[in-house]
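Chemist: quick one: sequence plus predicted model below, questions after.
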Amino acid sequence: MPTPRETILTALYARLSMLPARALRGDVLPERIPTEGLLILRDGEPGEPEVTLSPLRYHYQHRAEIEAVVQGTDRDAAFDTLTASIGVTITADRTLGGLCDWVEAEAPRPVDLPIEGAASLKAAVIPVVLHYSTADPLS
């Protein structure tokens with residue numbers, strides 16, 4: 001049976017997979033970027049939990065990351081569309097169907113990456129904070 005952490009990350013990945021951009025989880029950047037863009041979900045860090053007693057609960061603010069990448073001549077508009085669609089997907093269900101307490105994305109910090117012999121990439125890491133509680137730090 002998967003842990004709550006894995007269940008939440010899987011649900012976030014499933015939501016990202018519904019977007020027009022290709023979504024990967026924990027993969028390396030492929031050689032070719034699809035014209036719709038590319039999203040790579042990184043599991044990130046659960047961080048140090050706050051602990052409450054009676055009943056014992058570990059409250060996490062897990063920082064996952066979404067790498068958003070576009071390529072092409074109109075990459076500014078494509079990047080804007082892609083990041084906006086991520087925002088709409090997250091705000092549509094901030095609890096991922098009741099799996100976590102709250103999901104919140106932070107603003108991206110885009111960079112342009114030149115590629116020798118090809119169109120430049122526009123990319124950013126979008127931190128996503130997942131608030132959830134577990135009965136055990138390993139579950």
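Modeler: All right, it came through fine.
Chemist: ok, now which ones touch T10?
Modeler: Applying CB atoms under 8 Å, 6 or more residues apart in numbering, we find T10 in contact with P2. For glycine as for every other residue, the C-beta is placed from the backbone atoms N, C-alpha and C.
Chemist: now T81: which helix or strand?
Modeler: Following DSSP states H and E, one finds T81 within helix 75-92.
Chemist: got it, and I126?
Modeler: I126 is part of strand 118-134, with elements assigned from DSSP H and E.
Chemist: return the distance of that strand from the chain's centre.
Modeler: Relative to the centre of its chain, strand 118-134 is centred 5 Å away, using CA atoms, centre = their mean, to the nearest Å.
Chemist: could you find the closest non-adjacent residue to E106?
Modeler: P127 (4.3 Å; CB to CB, 6 or more residues apart in numbering).
Chemist: same check, this time on V103
Modeler: Nearest residue to V103, sequence neighbours excluded (CB to CB, 6+ apart): R94, at 5.1 Å.
Chemist: per-residue pLDDT, that neighbour?
Modeler: Looking at R94, its pLDDT is 97.
Chemist: remind me what the helix or strand following the helix holding T81 packs against, helices and strands.
Modeler: Sequence order places strand 102-105 as the next helix or strand after helix 75-92, per DSSP H and E. Packing partners of strand 102-105 (3 or more CB pairs under 8 Å, 6 or more residues apart in numbering; DSSP states H and E): helix 75-92, strand 118-134.
Chemist: tell me the helices and strands packed up against the first one.
Modeler: If contacts are counted by 3+ CB pairs under 8 Å, 6+ apart, helix 75-92 sits against helix 4-17, strand 57-71, strand 102-105, strand 118-134.
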